[in-house]
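Trainee: Provide a 3D model corresponding to the input given below.
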Amino acid sequence: MKIKVCIANYGDTQLSYLYRIVEEFVSFKRHRLNIAIYTTEKLNIPYKQYSANISYKLYPESIKKALPFACREDMALAIDDYDLFIYDENDMLITENNVNTFLEHSAILPNGQVSGFIRYEINSEGKKVLLDPNPYWGELTNSITQNSFCLNNLHQGSWILLKKDLNTAIQSGGFVYFMHDTPYGILEQGASDPYTQCKLRKIFPRNYSLCNNLLIHHLPNKYCRQFEWVKHGIDLSTLLEFCAKN
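Mentor: Numbering: from 1, shown residues only. As a prediction, the model looks like this:
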């Protein structure tokens, strides 16, 4: 696969996470990646070593919440040059195993349905706590079938689309290049528009091994310390048990 990766980085408070993410993408062996970083900070990345696949665009801090949308025109213009497109926030770790599992799951989905990721953090006990499905905020899932389910929360701190699905998103008119009003916050919608307003439906497998490989790590591990996740946070087994009962 030829993969175009676009990462948004605002400010200097999460540069250590950004560098860890870039390190992970650079380590991919099975795929060819082009990594573009949209940033308000100058970066200390060895570009000469990776000159074939890493670049960055520097923006003034005044861009603020518009930064997540800065890559979209570049994505659209590059649609004929890549097989897979990834937008990532600067603290979401996406591994090659995640991508390979995404491709495996995507292969069995009909047009209009797309695979995706579920965010997790690691709590003080070293256990994975899911961020996106949380009973504290209401119902976890919908459209449960024998083999699949959807999450009510469509945000995942990133988006990942095959070429055909990015084309669907663009043609839908919902893949806009600017901030706009949505039920989600602007930053969240920057990472979720393809799933909320582009005629694509994000589906997850009920198979534990497959779904477990679609979990991506939110590196700061900050939400799992808050009341909503300490008292109500669940793991993948609990989520799939919920699907089995509904």
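Trainee: What is the end-to-end distance of stretch 150-158?
Mentor: 17 Å (C-alpha to C-alpha, to the nearest Å).
Trainee: So for it, mean pLDDT?
Mentor: The pLDDT scores in stretch 150-158 average 94.
Trainee: What residues sit buried inside that stretch?
Mentor: For stretch 150-158, the buried set under the neighbour-count rule, 16 or more other C-beta atoms under 10 Å, comprises 150-151, 153-158. (C-beta placed from N, C-alpha, C; glycine too.)
Trainee: lowest confidence element among the helices and strands of this structure?
Mentor: The weakest-scoring helix or strand in the chain, judged by mean pLDDT, DSSP states H and E, is helix 186-190 (a mean of 86).
Trainee: That one: what's the following helix or strand?
Mentor: Per DSSP states H and E, the first helix or strand lying C-terminal to helix 186-190 is helix 193-196.
Trainee: Extract the C-alpha trace of that following helix and format it as CSV.
Mentor: Backbone C-alpha positions of helix 193-196 (Å, rounded to 0.1, in the frame of the first residue of the first chain) are rendered in CSV as follows:
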residue,chain,number,x,y,z
ASP,A,193,-16.2,14.3,9.5
PRO,A,194,-15.8,11.3,7.2
TYR,A,195,-17.9,9.3,9.7
THR,A,196,-20.5,11.9,10.5
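Trainee: which helices and strands does that helix pack with?
Mentor: strand 158-162, helix 163-172 (3 or more C-beta pairs under 8 Å, 6 or more residues apart in numbering; DSSP states H and E).
Trainee: can we see that at 10 Å?
Mentor: When contacts are defined as 3 or more C-beta pairs under 10 Å, 6 or more residues apart in numbering; DSSP states H and E, helix 193-196 sits against strand 84-89, strand 158-162, helix 163-172, helix 186-190, strand 201-202.
Trainee: partners of the second one in the sheet?
Mentor: In other words, strand 158-162. strand 84-89 (antiparallel) (DSSP bridges).
Trainee: Now do the buried residues in stretch 4-19.
Mentor: Result for stretch 4-19 [16+ other C-beta under 10 Å]: buried residues 4-10, 14-15, 17-18.
Trainee: In strands only, show me these.
Mentor: 4-9 (DSSP state E).
Trainee: Dump the helices and strands packed on helix 193-196 into JSON lines; add distance to Phe117 as well.
Mentor: Formatted as JSON lines, the helices and strands packed on helix 193-196 follow (distance: least, C-beta to C-beta, whole Å):
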{"stretch": "strand 84-89", "distance to Phe117": "10"}
{"stretch": "strand 158-162", "distance to Phe117": "6"}
{"stretch": "helix 163-172", "distance to Phe117": "14"}
{"stretch": "helix 186-190", "distance to Phe117": "14"}
{"stretch": "strand 201-202", "distance to Phe117": "9"}
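Trainee: and these, which one's lowest on average pLDDT?
Mentor: Across these, helix 186-190 gives the lowest mean pLDDT, at a mean of 86.
Trainee: so how far is that helix off the chain centroid?
Mentor: 12 Å (C-alpha atoms, centre = their mean, to the nearest Å).
Trainee: roughly how far apart are the spatially most central residue of the chain and Ser143?
Mentor: With distances taken as C-alpha atoms, centre = their mean, the residue of the chain nearest its centroid is Ser158 (2.3 Å). Ser158 sits 22 Å away from Ser143, taking C-beta to C-beta, to the nearest Å as the criterion.
Trainee: Could you do Tyr223 as well?
Mentor: For Tyr223 relative to Ser143 (C-beta to C-beta), the value is 26 Å.
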